[in-house]
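**Q** let's see this in three dimensions:
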Amino acid sequence: MKADIHPTYELIVFRDLASGEAFLTRSTVTSSKTIEWEDGNTYPVFDVEISSASHPFYTGKQRILDSAGRVERFNARYKGFGA
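**A** Below is the predicted model:
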């Protein structure tokens with residue numbers, strides 16, 4: 001490997017803004033904000049809008065769309081169209 005061309009791979013906290021959940025992991029992402037973690041050490045923190053803690057696919061809390069109601073409203077609206 002060439003020296004001084006690779007980004008540093010360090011510990012960082014990813015904080016989910018939607019759920020408030022935080023994950024300590026390693027990444028090449030950098031941040032100027034810091035947070036004190038549960039172990040008493042201070043780590044850089046990177047805020048994310050959505051993560052596995054708040055994404056509907058991973059949490060199983062998906063909204064079910066009323067597709068039958070949509071079809072019925074469409075048919076009611078356009079039942080006389082083209083007759």
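
**Q** distance check, the residue most central in space within the chain against Ser19.
**A** The centroid of the chain falls nearest to Ile50 when counting by Cα atoms, centre = their mean (1.7 Å). Distance, Ile50 to Ser19, using Cβ to Cβ, to the nearest Å: 9 Å. The C-beta positions use only the backbone N, C-alpha and C, and glycine is treated the same way.

**Q** ditto for Ser31
**A** For Ser31, the distance to Ser19 - Cβ to Cβ - is 19 Å.

**Q** show me where pLDDT drops low in the protein?
**A** For the chain, the stretches with pLDDT under 70 are 1, 56-68, 83.

**Q** mind listing the strands for it?
**A** Here the chain has its strands, by DSSP state E, at 10-16, 22-27, 34-36, 42-48.

**Q** can I get those in JSON lines including mean neighbour count?
**A** Formatted as JSON lines, the strands of the chain follow (neighbours: other Cβ atoms under 10 Å):
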{"stretch": "strand 10-16", "mean neighbour count": "17"}
{"stretch": "strand 22-27", "mean neighbour count": "14"}
{"stretch": "strand 34-36", "mean neighbour count": "13"}
{"stretch": "strand 42-48", "mean neighbour count": "15"}
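
**Q** that concludes my questions; thank you for your assistance.
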